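> Okay, here's the prediction I keep looking at, along with the sequence it came from:
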Amino acid sequence: MSTRVVAPPIATSRKKEFEDPKARAAYVKKFLPTDDADDPSTPRTRSRSRPVRTFVKIGFYKLILWVLYSITSLYFRARFVYNFILNRWFSVLYYHHKTPELIQKDVKQLDRLPQHVSVILEFEKEGGVEQLIDHVAEISCWCASAGIPTLSVYEQTGTLKKYISTSHRITTQRLHSYFGKKRPTLRVLAPHLPSYTNGDTEGLPDGESPDLEVIFISSEDGRESIVDLTKTLCEMAIRGKMTKDEVTVEFIEAELESLTIPEPDLLILFSPSVKLLGYPPWQIRLTEIFHLPDNDAVGYQVFLRALYNYAKCEMRFGR
Amino acid sequence: MSSSGLRTSLRTRRWFSSLPPIEWLSLRLQEALIGALRQGPIPQHVAFVMDGNRRFARQSHIETTEGHNLGFEALAKILEICYKAGVKVVTIYAFSIENFKRSKYEVDALMDIAKIKLSQLSQHGDLLDRYGAKIRILGHRSLVNQEVLDAIDRATDLTKHNNKAILNVCFPYTSRDEITSAIQSIVALAAPPRPQRQHLETLAEENPETVRETSPQSRSESPASNTTSASTVVNGSPHTAPAPPREHIDFAGVRHSDILDLEDINEQTVTEHLFTADNPPLDLLIRTSGVERLSDFMLWQAHQDTDIEFVDCMWPEFDVWHFLPILLGWGLKRKRFLREVKLEEERKYNRNGNWMKGWETEDYSHAKKSL
């Protein structure tokens, strides 16, 4: 009888304890681990041991990092040696001997060829402009032999754009040495500059394009061209000739294509790692980017391996 | 036969790595490695193209959606490594606008995954919360349905107080679309939508100066074009109300109170109007599955100094052991670069040292005298 009377008050008091958030917190706190900051004994030991421990820890981490970096750089060096030998082997195996027939034979088994190849060349102080134009002439010859109609050459500083006529002359000479008298027609041009055909297209009927078109582009055809387009659009909008809703992806694509270059199919880098150095951003949307790790030279084997890679075709080690 | 072999090897590898001592050891090892990485240079902004989920599923004979799920697991691991190592911003290419061309079944499945994973990621105490990362969705909002939009808003809302790191999820995104919308918002800034006529009169009482500047243009405008130009300010932004004449709110929530001058438009302006406006420059872009293309991702951000790495493995297979060498290689390169910069500076200092010194002391004495 008495237990029956006593039991309900206990239950209600517990209920109260759990309904009131403050009481609940106080109740729960008993079971929680004590907080370090509240405890007066722990901070002293902490402040004494922490700096030493963190110092040791950082030293330990630095040691590990040093070891890791050493391993990585060793690995990179080994890879460099391996790739160097491999590249040499390929460049011995696949050499064009300045004969277009050999190049044609190399690309004959490929299912698909890019119609527009782009390359990034870098201006080097030692080689200077001569080397740059020499590379352009060589790559143009390979493209002409393989049957690629458009080649765009990106050089960041825009040095090449000043030497359009010289490049045309030297490339024509090189084409002559490859093909003999029946050399393909050539046009060298750069955006916003008059194209240079040097009598090459005079014999061509109207509307027919030359066998090879070489386009020089630089960093100003990248971001700058987009900024210029934006300015033009703003001006038109201020004059009320267009609204912002008329700015669409298709519109900008058409404008940029006419201002600079269309989207290339294949971009070949002759640098050891992939860095685009300000290549026109709008145009590399779906472009296949090819580079050979640890390669630093502008060589025929890089070009050929890029084409093979583009066609998803295996290249044989021995011929 | 090979496929079943692949599957069993996958299973045994998983079983092995889930053994408590092995798990403990690998965690310790990871911790030590990441602690070590923190001592060197670390990229501030890393972007991933998570390619190869479908191909992985096909290769190991599992459902496509299962492949996407495994891809998400890989992402969670990589995110943890990134944030632990000190990467500030991670940008992932989750869904391209082009992906809408896939089968409806797969698109719906992907949307469902996105919904679930977004809420999972942003939960309290989960990954993002642990590392103080806020989630942001970059992309064309109008292309996804309301349910997913709600999930997106909830996720961004839940994590918006975090300020140590950022996770950018490019949801229906293409870089060309991003650049286009940046140009659009610049055009809108340079030629702001004109107020309508009755609105003008009320404005005249409040602020006569604004009206004097805008009225000659609006007089020449036909009323029809007024209504069209007064639509949304930025494509995909939730602000649908017509903007006041000299104020514009872009998608980042920044108020621009002045009309943009044409001469002030430069590369920086475009960069500031991209989705990644307030992020550090992109240091590293990683694409898996061996495809060597950018596929309309971060074109503007990645075409200058960004190191682009193409990894020849499917995204679900991408783990610490793939990621670590890339980070180390990047660190080495950056260290070498910093050393070169320092050397260059020293050389410059030495070259200019002598006469600079004399000039400095002279200047100093003059300053002293005047004191």
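Thanks, I have it.
> Now do the helix or strand hosting A:R77: which elements does it pack against?
Here A:R77 sits within helix A:42-93, counting by DSSP states H and E. Here helix A:42-93 touches helix A:300-310, helix B:20-37, helix B:320-370, going by 3 or more Cβ pairs under 8 Å, 6 or more residues apart in numbering or on different chains; DSSP states H and E. C-beta here means a position set from N, CA and C on the backbone, and glycine is covered the same way.
> Return the residues of the stretch 51-200 of chain A in contact with chain B.
Contact residues, the stretch 51-200 of chain A versus chain B (Cβ under 8 Å from any Cβ of the partner chain): A:57-58, A:60-62, A:64-65, A:68-69, A:72-73, A:75-76.
> show me the contacts for the residue of the stretch 1-150 of chain B found nearest chain A.
Among all residues of the stretch 1-150 of chain B, B:A36 sits closest to chain A, at 3.7 Å; criterion: Cβ to the nearest Cβ. Counting by Cβ atoms under 8 Å, 6 or more residues apart in numbering or on different chains, B:A36 touches A:Y61, A:K62, A:I64, A:L65, A:L68.
> neighbours around the last one, how many?
Going back to what we said before, that points to A:L68. 21 (other Cβ atoms under 10 Å in any protein chain shown).
> Look up the closest residue to B:K115, ignoring the ones flanking it.
Once flanking residues are discounted, B:K115 sits nearest to B:A151: 4.4 Å by Cβ to Cβ, 6 or more residues apart in numbering or on different chains.
> neighbours around the one you found, how many?
Neighbours around B:A151, by other Cβ under 10 Å: 21.
> and it, backbone torsions?
phi -60, psi -40 (degrees, to the nearest 10).
> Wait, it touches B:S119, no?
Yes. Counting by Cβ atoms under 8 Å, B:A151 touches B:S119, with 6.0 Å between them.
> quick one: pLDDT of the residue in the stretch 1-150 of chain A positioned nearest to chain B?
At 3.7 Å from chain B, A:I64 is the closest residue in the stretch 1-150 of chain A, using Cβ to the nearest Cβ. Looking at A:I64, its pLDDT reads 92.
> repeat for A:P43
Value for A:P43, per-residue pLDDT: 46.
> picking up where we left off before, quick one: the residue of the stretch 1-150 of chain B closest to chain A and A:T54, what's the gap?
Distance, B:A36 to A:T54, using Cβ to Cβ, to the nearest Å: 15 Å.
> need the residues of the stretch 201-319 of chain A near chain B, please.
A:222-224, A:226-227, A:229-231, A:233-235, A:237-238, A:240, A:243-245, A:247-249, A:252-253, A:273-282, A:284-290, A:309.
> Going through those residues, which ones are buried?
Buried by 16 or more other Cβ atoms under 10 Å in any protein chain shown: A:222-224, A:226-227, A:229-231, A:233-234, A:237, A:240, A:243-244, A:247, A:252-253, A:274-282, A:284-285, A:287-290, A:309, out of these.
> Which ones among the residues you listed lie within helices?
A:223-224, A:226-227, A:229-231, A:233-234, A:237, A:252-253, A:309 (DSSP state H).
> Just put those residues in TSV and tack on pLDDT and distance to B:N99.
Formatted as TSV, those follow (pLDDT from 0 to 100; distance: Cβ to Cβ, whole Å):
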residue	pLDDT	distance to B:N99
A:R223	92	27
A:E224	92	31
A:I226	93	25
A:V227	93	30
A:L229	93	28
A:T230	92	28
A:K231	91	33
A:L233	91	29
A:C234	89	32
A:A237	88	32
A:I252	93	21
A:E253	92	20
A:N309	93	25
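> Pull the most distant pair out of these.
With Cβ to Cβ as the measure, no two of those lie farther apart than A:A237 and A:N309, at 43.8 Å.
> who's in contact with A:E257?
A:E263.
> Now do whichever strand or helix holds it: distance to the chain's middle.
A:E257 is part of helix A:249-259 when elements are defined by DSSP H and E. Its chain's C-alpha centre and that of helix A:249-259 lie 21 Å apart, by Cα atoms, centre = their mean, to the nearest Å.
> cool, stretch A:238-256 as well?
Using Cα atoms, centre = their mean, the offset of stretch A:238-256 from its chain centre is 28 Å.
> end to end, how far does it reach?
Distance between the two ends of stretch A:238-256: 21 Å, counting by Cα to Cα, to the nearest Å.
> And residue 163, its phi and psi?
Answering for chain A, as no chain was given. Per-residue torsions, A:Y163: phi -120, psi 40 (degrees, to the nearest 10).
> let's do chain B instead
Taking degrees, to the nearest 10 as the convention, B:N163 sits at phi -140, psi 20.
> What is the burial count for the residue lying closest to B:G86 once chain neighbours are set aside?
Spatial nearest neighbour of B:G86, chain neighbours left out: B:I42 (4.6 Å); criterion: Cβ to Cβ, 6+ apart. Neighbour count for B:I42, taken as other Cβ under 10 Å: 20.
> what's near enough to touch B:I42?
Residues in contact with B:I42 (Cβ under 8 Å, 6+ apart) are B:A85, B:G86, B:V87, B:L327, B:G331.
> same thing with B:A133?
Taking Cβ under 8 Å, 6+ apart, one finds B:L79, B:Y83, B:V90, B:L127, B:T159, B:N162, B:K164, B:A165, B:I166, B:L167 in contact with B:A133.
> Wait, the third one touches B:P43, no?
Just to be clear, that refers to B:V90. No. Applying Cβ under 8 Å, one finds B:V90 not in contact with B:P43, separated by 9.9 Å.
> neighbour-wise, which of these two wins?
Taking neighbours as other Cβ under 10 Å, B:V90 and B:P43 compare with B:P43 leading, 26 against 21.
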